[in-house]
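[1] sequence and computational prediction follow.
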Amino acid sequence: MWHNIWYALLGLLLAGYLLLDGITIGTGIIGRRLARDEAERHTVAAATGPFFLGNEVWLVASAGIVLGGFPGLESTVISGMYPVIVCAVAALLVRQAAMQFRRRVSGARARRRWETLVHLTCVVLALMWGALGGAVLGAVPAEDGHLGIDVGGLLRPVPLLSALTAVAVFALHAAVFLAVRTDGPVAVRAAELARRLTAVAAGLATVTALAVLVDGRARDGLLNPLPAALLFLAAVGALLWAPRLASAASPRAFLVSGFAALAPVLVIGAAHFPQAVVATAGPAEHLSVAEAAADPGTLGVVGPVVLLVLPVLLAFQAMQWWAFRAKSDERSPVYF
């Protein structure tokens, strides 16, 4: 029982990370397009600044769950996708430094250099998370619970299309967020950009889904195709609906676009369960959730502690969002 609870918790934390830090990643991708002067750049930074560090807590907690609760996943997904993980972690660290320095340097040229670095690292993050999701959705060449570094698998059509889709979806998610959480010209441009990104994001998602059906290795990963397909259709519907809500300045808009951002976690989980990793060699080499998990004694002792801490994390996040619920403009304080 505990291994399933921990697996659901891992999915919740990963989904929370994509929902929340997807806003920061997307803002880094589109921020320079929306903000045309220093006051507007201030507005964009003020809208996302209060949540920046809190968003990354979800990823740290996810890594802790994998390392402590699912050593089998650590030996397959993390070690097998080592190039992607290293690039993503490096981009996270550089983005952290760039966001700290961009508001603390003097001179427009130096500030633009740091903002360019924020933009590039956010694009890299979106590409890496998208490629990782596309790679693990399908069957992977795992043997005896271990996956060798499979760079070729990352260059297949599905991971590449998934990476491009992630960039478009995060950009749309951020545009929807900024349309709702800012005032003035930034909000107007963000709403317009969200409408224009709708076709791009939904189109890339559809092409990626078609590539999954054509690619035998990717198709083999769909052990439960019906729930995965329903979740995918719901995500595409969210991509189409969110910009309309953003145009009406509805607070629900970025929750709807956020569903599209976190949907890959749900799709992968639904497609694979009760397996955690689907192997190309066949069912005998699949890694189930129970096999990937730590021993029941460990999960049974640590599990209740984690379940007690989780409400505190959720309560803090809710308090943070409530405290900074007002729309941002050029007068709002900037933290990063």
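    Cool, the structure landed. Everything numeric in this text was worked out from a predicted model, so none of it was measured.
[2] state the distance from the residue lying closest to F70 once chain neighbours are set aside to V267.
    Closest residue to F70 apart from its sequence neighbours, by CB to CB, 6 or more residues apart in numbering: A292 at 4.8 Å. C-beta: built from backbone N, CA, C; applies to glycine. A292 sits at a distance of 19 Å from V267 (criterion: CB to CB, to the nearest Å).
[3] then A63?
    21 Å.
[4] and the two? Which one has more around it.
    V267 (23 against 18; other CB atoms under 10 Å).
[5] any figure for the gap between the more buried one and A235?
    Using CB to CB, V267 is found at 8 Å from A235.
[6] give me the longest helix you can find in the protein.
    helix 2-34 (DSSP state H).
[7] next SSE after it?
    Using DSSP states H and E, the helix or strand that follows helix 2-34 in sequence is helix 38-48.
[8] packing partners of that next one?
    helix 2-34, helix 157-181, helix 185-214 (3 or more CB pairs under 8 Å, 6 or more residues apart in numbering; DSSP states H and E).
[9] hmm, try it at 10 Å
    Under the contact criterion of 3 or more CB pairs under 10 Å, 6 or more residues apart in numbering; DSSP states H and E, helix 38-48 touches helix 2-34, helix 108-137, helix 157-181, helix 185-214.
[10] quick one on the thing from earlier: neighbours of the residue nearest to F70, how many?
    24.
[11] can I assume F316 sits in a helix?
    Yes - if the criterion is DSSP: H, G, I helix; E, B strand; the rest coil, then F316 is within a helix.
[12] tell me the contacts of the nearest residue to it once chain neighbours are set aside?
    Nearest non-adjacent residue to F316, counting by CB to CB, 6+ apart: G54, 7.5 Å away. Counting by CB atoms under 10 Å, 6 or more residues apart in numbering, G54 touches 20-21, 313, 316-317, 320-321.
[13] show me which of these are buried.
    Neighbour-count burial (16 or more other CB atoms under 10 Å) applied to the contacts of G54 gives 20-21, 317.
[14] quick check: the residue nearest to F316 vs L172, distance?
    Distance from G54 to L172, counting by CB to CB: 22 Å.
[15] okay, and the residue nearest to F316 sits in which element?
    Using DSSP H and E, G54 falls in helix 52-69.
[16] what are the buried residues along that helix?
    52, 55-59, 61-63, 65-66, 69.
[17] G80 is in contact with G72, isn't it?
    No - counting by CB atoms under 10 Å, G80 does not reach G72; the two are 11.7 Å apart.
[18] and the residue lying closest to G31 once chain neighbours are set aside, how many neighbours?
    Excluding the flanking residues, the one nearest G31 by CB to CB, 6+ apart is V44, at 5.1 Å. Neighbour count of V44, defined by other CB under 10 Å: 24.
[19] which ones are touching V44?
    For V44, the contact set (CB under 10 Å, 6+ apart) comprises 27-28, 30-32, 34-35, 174, 178, 181-182, 186, 190, 328, 334.
[20] which ones are touching A260?
    Per CB under 10 Å, 6+ apart, neighbours of A260: 18-19, 22, 165, 169-170, 172-173, 176, 201-202, 205, 234-242.
[21] so what's the backbone phi/psi at it?
    phi -60, psi -40 (degrees, to the nearest 10).
[22] and the gap between it and L239?
    According to CB to CB, A260 and L239 sit 5 Å apart.
[23] anything in contact with each of the two?
    By CB under 10 Å, 6+ apart, the residues touching both A260 and L239 are 169, 172-173, 176, 201-202, 205.
[24] now stretch 101-113 - C-alpha only, PDB.
    C-alpha atoms of stretch 101-113 as PDB (Å, rounded to 0.1, in the frame of the first residue of the first chain):
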ATOM      1  CA  PHE A 101      22.000  39.400 -10.500                       C
ATOM      2  CA  ARG A 102      19.800  40.900 -13.100                       C
ATOM      3  CA  ARG A 103      18.200  43.400 -10.700                       C
ATOM      4  CA  ARG A 104      21.500  44.100  -8.800                       C
ATOM      5  CA  VAL A 105      23.800  45.300 -11.600                       C
ATOM      6  CA  SER A 106      24.100  48.800 -12.800                       C
ATOM      7  CA  GLY A 107      23.800  49.700 -16.500                       C
ATOM      8  CA  ALA A 108      21.300  48.700 -19.100                       C
ATOM      9  CA  ARG A 109      23.800  46.600 -21.100                       C
ATOM     10  CA  ALA A 110      24.800  44.400 -18.100                       C
ATOM     11  CA  ARG A 111      21.100  44.000 -17.100                       C
ATOM     12  CA  ARG A 112      20.300  42.900 -20.600                       C
ATOM     13  CA  ARG A 113      23.100  40.300 -20.500                       C
END
